[in-house]
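Undergrad: Give me the fold of what follows.
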Amino acid sequence: MRILHLHSSFNPGGKELRAARLMSVFGPGLSHTVVSAQPGALGARAAVDRAVPVTYPEDFPPLAGRPGLARLHRLAEAMRGHDLVLTYNWGAMDGVMAHTLFARALGLPPLVHHEDGFNEDEAAGLRPMRNWYRRIALGWTSALVVPSERLERIALEVWQQPRPRVRRIGNGIDIAAYARKPRPDAIPRVVKRPGELWLGTLAGLRAVKNLPRLVRAFAPLPEAWQLVILGDGPERDAIRDEALRLNVAHRVHLPGFVADPARAVGLFDLFALSSDSEQFPISVVEAMAAGLAVASPDVGDVATMVAAENRPFVVPPGRDDPLAEALARLCADPALRRAVGEANRARALAEYDEATMVAAYRAVYAEALGASRFP
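TA: Numbering: from 1, shown residues only. Model (predicted):
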């Protein structure tokens, strides 16, 4: 079976790493073609099991550009020869439109679209023209998969998708893998030294993650605390510049992307997000699985994801001070961090195990193919 993946980007991030994990779990019996709307943005390929056959064609028609009929027809033609098309986020929406326009004429395979959230250009509000475009483009999809309650409401009410087509599948991970305590040198280019305490996060270094805000919230913490940001992206210089401006660069570490977070997150003593927009962030589930308390703006489903004991530390979004106050309170109270972290781990065990997520995706893809099971 041949599966075509059209991504807005395949650099490491929540949706990309989830897709890579599903490809690995589905095993070598399937072959995959992965296309990124951003040429060369393929860093998540490192997370795909090497036994799985994957190609990354350089001659696939571009996913970005003016949506003229000729260009959309070329995109549709390129979908032929596959058994299933999987598309991800706004950056692949021209591929979805091409499928809707030409699926019947060209006999195209079924398409399942995945929406995981918005970049900085829609973090403050959805764009009406994009909403209109999505409504039309999604008209011939087999299913629209979303991870969060907020995105489910948007899909139903704003994009006007029929209820049977919209499927909410929460992100899941291998919870058991996060129970093991990592070695102090498990993260390349940074070693946890005796007496240090680590505030950590995992994120693509993109503007929507607002990591300079996290640097500002971190800066007043005692000298023993270090900020470790795992991820890659274009905002690296902005983060480093803010750390230099606040004279905390010696305590802010940017070791890059870590392919296996289970071997790193357990080194953190506290986890934080600073994003302007999220939906159902896998990084929060990873922190919960590692038994960490989480400080975060109230974005997406974060407040309902974490344990009740953690909810006081999910703070109003868009400002530095509430996040800084949440961090200061948790950093000052090891017993509180431990109690909140234990509650988070119990909730992760009960709600967010990977097996449940994988079974749900298998069911959606099997239904799209008209099959009894997938793969």
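
Undergrad: ok, which stretches of the stretch 1-150 of the chain are helices?
TA: Assigned by DSSP state H, counting those that start in this stretch, the helices in the stretch 1-150 of the chain fall at 14-26, 69-78, 93-106, 128-137, 149-153.

Undergrad: wait, what's in contact with N344?
TA: N344 sits next to 287-288, 291-294, 306-307, 309-310 when contact means C-beta atoms under 8 Å, 6 or more residues apart in numbering. C-beta: built from backbone N, CA, C; applies to glycine.

Undergrad: Mark which of the residues you listed are part of strands, please.
TA: Mapping the contacts of N344 onto strands (DSSP state E) picks out V294.

Undergrad: how deep is the nearest residue to A186 once chain neighbours are set aside tucked in, by neighbour count?
TA: For A186, ignoring the flanking residues on the chain, the nearest one in space by C-beta to C-beta, 6 or more residues apart in numbering is R263 at 5.0 Å. Around R263 there are 16 other residues, counting by other C-beta atoms under 10 Å.

Undergrad: same check, this time on S277
TA: Neighbours around S277, by other C-beta under 10 Å: 19.

Undergrad: right, and it touches G300 too?
TA: Yes. Taking C-beta atoms under 8 Å as the contact criterion, S277 and G300 are neighbours in contact, 7.3 Å apart.

Undergrad: Give me the common contacts of these two.
TA: G117.

Undergrad: re the thing from before, show me the one of the helices of the stretch 1-150 of the chain that comes nearest R189.
TA: helix 14-26 (20.1 Å; C-beta to C-beta).

Undergrad: so what secondary structure elements neighbour the closest one?
TA: strand 2-7, strand 84-88, helix 282-289, helix 354-369 (3 or more C-beta pairs under 8 Å, 6 or more residues apart in numbering; DSSP states H and E).

Undergrad: Might you quantify the distance of it from its chain's geometric centre?
TA: A distance of 10 Å separates the C-alpha centroid of helix 14-26 from that of its chain, computed with C-alpha atoms, centre = their mean, to the nearest Å.

Undergrad: What residues sit buried inside it?
TA: Within helix 14-26, the residues that count as buried by 16 or more other C-beta atoms under 10 Å are 14-23, 25-26.

Undergrad: Stretch 236-249 now?
TA: For stretch 236-249, by 16+ other C-beta under 10 Å, it's 239, 242-243, 246, 248.

Undergrad: Including distance to R362, could those residues go into CSV?
TA: Shown next, in CSV, are the buried residues of stretch 236-249 (distance: C-beta to C-beta, whole Å):
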residue, distance to R362
I239, 38
E242, 43
A243, 43
L246, 47
V248, 46
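
Undergrad: what packs against the lowest-mean-pLDDT helix or strand in the chain?
TA: In the chain, the helix or strand scored least confidently by mean pLDDT, DSSP states H and E is helix 149-153, which has a mean of 92. Helix 149-153 makes packing contacts with strand 166-168 when contacts are defined by 3+ C-beta pairs under 8 Å, 6+ apart.

Undergrad: Run the chain-centre distance for the strand it packs on.
TA: That offset, for strand 166-168, works out to 17 Å (C-alpha atoms, centre = their mean).

Undergrad: Just checking: what are the partner strands of it?
TA: Here strand 166-168 is paired, per DSSP bridges, with strand 143-146 (parallel).

Undergrad: residues in contact with stretch 201-212?
TA: Contacts for stretch 201-212 (C-beta under 8 Å, 6+ apart): 11-13, 118-120, 123, 214, 228-236, 238-239, 242, 254, 258, 261, 265, 271-277, 283, 286.

Undergrad: Just the buried subset of these, please.
TA: Buried, going by 16+ other C-beta under 10 Å: 11-13, 118-119, 123, 214, 228-233, 235, 239, 242, 254, 258, 261, 265, 271-277, 283, 286, out of the contacts of stretch 201-212.

Undergrad: helix or strand for P222, which one?
TA: P222 belongs to no helix or strand when elements are defined using DSSP states H and E.

Undergrad: wait, I meant F374
TA: Per DSSP H and E: nothing holds F374, as it lies in no helix or strand.

Undergrad: Contacts only, for the residue nearest to it when sequence neighbours are not counted.
TA: Excluding its sequence neighbours, the residue lying closest to F374 (C-beta to C-beta, 6+ apart) is A366, at 3.8 Å. The contact partners of A366, by C-beta under 8 Å, 6+ apart, come to 372-374.

Undergrad: Could you report the pLDDT at the residue nearest to E235 when sequence neighbours are not counted?
TA: Closest residue in space to E235, ignoring its immediate chain neighbours: L205 at 4.2 Å, by C-beta to C-beta, 6+ apart. For L205, the pLDDT comes out at 93.

Undergrad: can you count the residues close to A332?
TA: By other C-beta under 10 Å, the residues close to A332 number 11.

Undergrad: Might you report the residue contacts of the nearest residue to V25 once chain neighbours are set aside?
TA: Take V25 and drop its neighbours on the chain: the residue closest to it by C-beta to C-beta, 6+ apart is V358, 5.5 Å away. Residues in contact with V358, defined by C-beta under 8 Å, 6+ apart, are 22, 25, 172.

Undergrad: Likewise for A78?
TA: Counting by C-beta under 8 Å, 6+ apart, the residues that A78 touches are 60-61.

Undergrad: returning to what we had before: D59: which of the helices and strands packed on helix 14-26 is closest?
TA: That would be strand 2-7 among the helices and strands packed on helix 14-26, by C-beta to C-beta, at 13.9 Å.

Undergrad: how about the closest one: buried residues?
TA: For strand 2-7, by 16+ other C-beta under 10 Å, it's 3-7.

Undergrad: can you list these in CSV and add pLDDT?
TA: What follows is these, written out as CSV (pLDDT from 0 to 100):
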residue, pLDDT
I3, 98
L4, 98
H5, 98
L6, 98
H7, 97
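
Undergrad: Now L202. Its backbone dihedrals?
TA: phi -120, psi 130 (degrees, to the nearest 10).
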